[in-house]
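**Q** Fold the following, please.
(3 chains)
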Amino acid sequence: MAVVFERPHALTDKVFSYCPGCPHGIVHRLVAETIDELGIEGRTIGISPVGCSVTAYDFFACDMVEAAHGRAPAVATGIKRARPDNIVFTYQGDGDLAAIGMAETVHAATRGENITVIFINNAIYGMTGGQMAPTTLPGQITQTTPYGRDVKAAGYPIRVCELLSTLDGVSFAQRVTIDTVKNVRNAKKAIKKAFKNQVEGKGYSIVEVVSACPTNWGLTPNEALQWLRDNMLPYYPLGVYKDLYPDEGGAE
Amino acid sequence: MAEKVLMKGNEALAEAAICAGCHHFFGYPITPQTELAAYMAKKMPKIGGTYLQAESELASINMVLGAAAAGVRAMTSTSSPGLSLMTEGISYIAGCDLPALIVNVQRGGPGLGGIQPSQADYYQATKATGHGDFQLIVLAPSTVQEMVDMVFLAFELGEKYRMPAMLFSDGLLGQMMEPVVLPEPGQVKIADKPWAVTGHGGKRFHNIINSLYLEPDLLEKTVRERYERYAAVERDEQRCEEFMVDDADIVLVAYGASSRICRSAVVSARAEGIKVGLIRPITVWPFPNDAIKKAATHAKAFLSVEMSMGQMIDDIRLALNGSVPAYFYGRTGGMIPSPAEVLGEIKKIKEGM
Amino acid sequence: MRTDLNLVLAGFGGQGLLFAGKVTAYAGLVEGREISWLPSYGPEMRGGTANCSVCVSDEPIGSPLVLTPNALIAMNLPSFDKFIDTVVPGGVALIDSTMVSAKTNRTDITAIYVPATKLADDNGLSGLANIILLGRLYKELGFCSEEALDKGLAKCVPASKAAMLDANRKALKLGMEQP
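**A** The predicted model follows:
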């Protein structure tokens, strides 16, 4: 019997610990498929963040390091400088990447570190139980913005791709989402390009995945995807924000 | 033997680190360790190594973590306020059982403090260099030559026990020039690191460098195992230098810069017929408890001399456990005690005996 | 046993005091003695006062910070004011009288006034007042052999400025000739 679908080799047999309907599993799979297709599992080193995907080190079959909150780009820098021939990626959420780790993010980007950053933006802190994230939308209710995010008090959300695209060190920055099959396929293309760039020495690549958190948003998985379409995508438009090598696949 | 050259402590340390096979340096500018980073910036590109000026000490220590996880000898250097920022990363490095070298060229504190030499980070280095149960090996050089020699020792011990090591210096040692013999190149023995993340190459299961244990019993077990290693370090790696201790009535205890001043004071006191000796901790963690206890069998008093308000005195008293009185003399804020001041304290103790 | 040299060199940044200190230290090193050189550092290096301590001894150096020098080179008024009273009785103070018009009323030290900056300018040795003063100090104390002093000088002049070595030697000699 022909095998038409199987678990990517770059994922371990460990069962995901994510909530039902959480898109982390989808993005993990896309990253793992990419690693398989590029044939780089044996030389890839991943860095998991602090947040829901903290235990991603158990799920990816490549060598893994668990970083302190926000410090994944610094850890990745250390690894990449020590082992430039290895493929190094970080997998980070919005609090990790854009709040506590913003300095590390911006500076790894502006140095043009030849690494790949997978950024999950779901507008909330998941692991600690649903607090305001740097990407929480104006008016959005969270545990720490119980009356909705008041921009006068809590400031505005940060658009990471737009911000990083101003830096000369960035090679590739694209925002994608995973709400439909078509968008999942497009996300895969972006992730693959972000890894391929590194393999080819093309520099810092980031893929921002607009994602959902049904549990902390208090919605069913389907409602959450609809909320994402209605609220997240208008604030965080999909698209390519920076691409120094536009003719070489990925972006759509 | 190689020729003696005049070098600043900071520069000699940097050169020694390169000789010791450390080709990855990550740091952030701060006085008075600047020459160390500047030396690395000049040398590393020429040997194909890494000098990276990070955006902060938070970043530089985590870069060290990454490079150490990848199996290479990696280091950073900073001074007191910067070390405070690094404590997060140092805790993770310890929690991940990684060897790495951290240099603290101490200056006066707290807060922004000052830029003159100090020893006020003793508690931080030996008791709480970050959150959680852990220790670093802390080596305290007192000469430029020792700054060179201890770099090798720090890497070797760190790799042997899989823990971070600190070179505990200060602005005086970092800035001063003394004659020094640099090591011959080559002859570096770097430990095998089968645990490192290097890419598994399809040849083994994936390596994970991690300090997270969500099951408390597993975390306890991991920490207990780590403490068994710490116990071995405390048993086997206590180092100190004893100067005229054998017949001493009064034993001074001082490390680093203040130990040099105490040595002068001992010589002056002996010239006046006062039986004084000096125990100079070379490792401040593990603290040389055994030497203190041994000296306590004949000494009538101990005097801790520090460039702080009195921190190491606690460890001396713990070692003495009430058997012999221990006194303290210190200057702080960047002030350096003079041999005459220390001699004055010795005489006060002598009179009270 | 040779006597210890505990030297403080003080003046403005840029007057070459750290350099003169280093020459002294290297001369001691050439003779196989224990030495230390400790600069003041930090903001005071930038335009303010600069000073350094040099110890040369046959015994291991305790504190490298010289608080009570037996030799002082002072090249500006603030340094003269700050350090002249720290010189131990019987010690020597070399003062650049071009830069410092004040005189000490201490009689327990040997105070020597040399118009070093003017001498340097008049002899085409601008910027080498430091070495002129060092030469005069050497004449007074003979803290090492002349050969060692010359080797110390050669060690301290970087290869890229080899042409400066002769000028430094001239300055040293000029200093030794001063009354």
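
**Q** Which residue is the nearest non-sequential neighbour of the residue in chain B that chain C sits nearest to?
**A** Chain B approaches chain C most closely through B:S264 (2.9 Å), counting by Cβ to the nearest Cβ. (Glycine included, C-beta is placed from N, CA and C.) Counting by Cβ to Cβ, 6 or more residues apart in numbering or on different chains, B:S264 lies nearest to C:G62, which is 2.9 Å off, once chain neighbours are set aside.

**Q** What does the pLDDT read for the one you found?
**A** Looking at C:G62, its pLDDT reads 91.

**Q** Ok, the one 4 residues further on next?
**A** We have a pLDDT of 94 for C:V66.

**Q** Let me know how buried the nearest residue to it once chain neighbours are set aside is, in neighbour terms.
**A** Closest residue in space to C:V66, ignoring its immediate chain neighbours: C:S53 at 3.8 Å, by Cβ to Cβ, 6+ apart. Using other Cβ atoms under 10 Å in any protein chain shown, C:S53 has 23 other residues around it.

**Q** A:H107 too?
**A** A:H107, neighbours per other Cβ under 10 Å, totals 20.

**Q** Smallest gap between the stretch 101-250 of chain A and chain C, at which residue?
**A** For the stretch 101-250 of chain A, Cβ to the nearest Cβ, closest residue to chain C: A:A103, 26.8 Å.

**Q** And the strands in the chain?
**A** Going with chain A. For chain A, the strands defined by DSSP state E occupy A:44-48, A:63-66, A:87-93, A:116-121, A:124-125, A:131-132, A:170-177, A:204-210, A:239-243.

**Q** was after chain C, sorry
**A** Using DSSP E, strands in chain C cover C:5-12, C:34-39, C:49-57, C:71-74, C:92-96, C:110-114.

**Q** contacting residues around the residue of the stretch 101-250 of chain A closest to chain C?
**A** A:A103 makes contact with B:E55, B:S56, B:L58, B:A59 under the criterion Cβ atoms under 8 Å, 6 or more residues apart in numbering or on different chains.

**Q** quick one, what contacts the residue nearest to the spatial centre of chain A?
**A** Centroid check for chain A by Cα atoms, centre = their mean gives A:F119 as the closest residue, at 2.0 Å. Neighbouring residues of A:F119 by Cβ under 8 Å, 6+ apart: A:Q92, A:G93, A:D94, A:L97, A:A98, A:V160, A:I206, A:V207, A:E208, A:V209.

**Q** so which of the residues you listed are also by chain B?
**A** Checked against chain B using Cβ under 8 Å from any Cβ of the partner chain, the contacts of A:F119 yield no neighbours at all.

**Q** My guess is B:A165 contacts B:V103. True?
**A** No. The criterion here is Cβ atoms under 8 Å, and B:A165 misses it with B:V103 at 9.8 Å.

**Q** Could you list the low-confidence segments of the stretch 151-252 of chain A?
**A** For the stretch 151-252 of chain A, the stretches with pLDDT under 70 are A:248-252.

**Q** List the buried residues of stretch B:278-292.
**A** Going by neighbour count (16 or more other Cβ atoms under 10 Å in any protein chain shown), the buried part of stretch B:278-292 is B:278-289, B:291-292.

**Q** Show me those residues that map onto helices.
**A** With DSSP state H as the criterion, helices contain B:N289, B:A291, B:I292 from among the buried residues of stretch B:278-292.

**Q** Once you drop chain neighbours, what's closest to the first one?
**A** In other words, B:N289. B:A319 (4.3 Å).

**Q** ok, that neighbour - contacts?
**A** Here B:A319 is in contact with B:F287, B:N289, B:I292, B:K293, B:A296 (Cβ under 8 Å, 6+ apart).

**Q** So is the longest helix along chain A next to chain B?
**A** Determined from DSSP H, the single longest helix within chain A is helix A:181-199. No. Helix A:181-199 stays clear of chain B (Cβ under 8 Å from any Cβ), getting no nearer than 12.9 Å.

**Q** buried residues in that helix?
**A** For helix A:181-199, by 16+ other Cβ under 10 Å, it's A:183-184, A:186-198.

**Q** can you state the direction angle for that helix and strand A:204-210?
**A** 160 degrees (axes from the mean of the first three to the mean of the last three Cα atoms, to 10 degrees).

**Q** same for helix A:181-199, what does it pack against?
**A** Contact here means 3 or more Cβ pairs under 8 Å, 6 or more residues apart in numbering or on different chains; DSSP states H and E; on that basis helix A:181-199 packs against helix A:24-38, strand A:87-93, strand A:116-121, strand A:170-177, strand A:204-210.

**Q** pLDDT value on A:V75, please?
**A** 98.

**Q** Give the full set of residues in contact with it.
**A** A:I47, A:V65, A:A67, A:A68, A:T90, B:N62, B:M63, B:L65, B:G66, B:A69.

**Q** rewinding a little: can the buried residues of stretch B:278-292 go into JSON lines with extra columns for distance to B:E228 and pLDDT?
**A** As requested, the buried residues of stretch B:278-292 are exported to JSON lines (distance: Cβ to Cβ, whole Å; pLDDT from 0 to 100):
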{"residue": "B:L278", "distance to B:E228": "33", "pLDDT": "98"}
{"residue": "B:I279", "distance to B:E228": "27", "pLDDT": "98"}
{"residue": "B:R280", "distance to B:E228": "29", "pLDDT": "98"}
{"residue": "B:P281", "distance to B:E228": "23", "pLDDT": "98"}
{"residue": "B:I282", "distance to B:E228": "24", "pLDDT": "98"}
{"residue": "B:T283", "distance to B:E228": "19", "pLDDT": "98"}
{"residue": "B:V284", "distance to B:E228": "21", "pLDDT": "98"}
{"residue": "B:W285", "distance to B:E228": "16", "pLDDT": "98"}
{"residue": "B:P286", "distance to B:E228": "14", "pLDDT": "98"}
{"residue": "B:F287", "distance to B:E228": "19", "pLDDT": "98"}
{"residue": "B:P288", "distance to B:E228": "21", "pLDDT": "98"}
{"residue": "B:N289", "distance to B:E228": "18", "pLDDT": "98"}
{"residue": "B:A291", "distance to B:E228": "23", "pLDDT": "98"}
{"residue": "B:I292", "distance to B:E228": "24", "pLDDT": "98"}
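
**Q** re the thing from before, among the contacts of A:F119, which one lies nearest to A:T215?
**A** A:G93 (13.8 Å; Cβ to Cβ).

**Q** For the closest residue in space to the closest one that isn't next to it in sequence, the count of nearby residues, please.
**A** Nearest non-adjacent residue to A:G93, counting by Cβ to Cβ, 6+ apart: A:G51, 3.9 Å away. When neighbours are defined as other Cβ under 10 Å, A:G51 has 24 of them.

**Q** cool, A:L238 as well?
**A** Neighbour count of A:L238, defined by other Cβ under 10 Å: 18.

**Q** For chain B, what is the nearest residue in the stretch 1-150 of chain A?
**A** A:G78 (2.5 Å).

**Q** Just give the closest residue to that residue, not the sequence neighbours.
**A** B:G66 (2.5 Å).

**Q** Need the CA coordinates for the helix or strand that contains the one you found. CSV is fine.
**A** Element membership for B:G66 (DSSP states H and E) is helix B:57-69. The C-alpha trace of helix B:57-69 is given here as CSV (Å, rounded to 0.1, in the frame of the first residue of the first chain):
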residue,chain,number,x,y,z
GLU,B,57,24.6,42.0,28.9
LEU,B,58,21.4,40.0,28.8
ALA,B,59,22.1,39.3,25.2
SER,B,60,25.8,38.6,25.6
ILE,B,61,25.4,36.1,28.3
ASN,B,62,22.8,34.3,26.3
MET,B,63,25.1,34.3,23.3
VAL,B,64,27.6,32.6,25.5
LEU,B,65,25.0,30.1,26.5
GLY,B,66,24.3,29.4,22.8
ALA,B,67,27.9,29.0,21.9
ALA,B,68,28.6,26.8,25.0
ALA,B,69,25.6,24.7,24.1
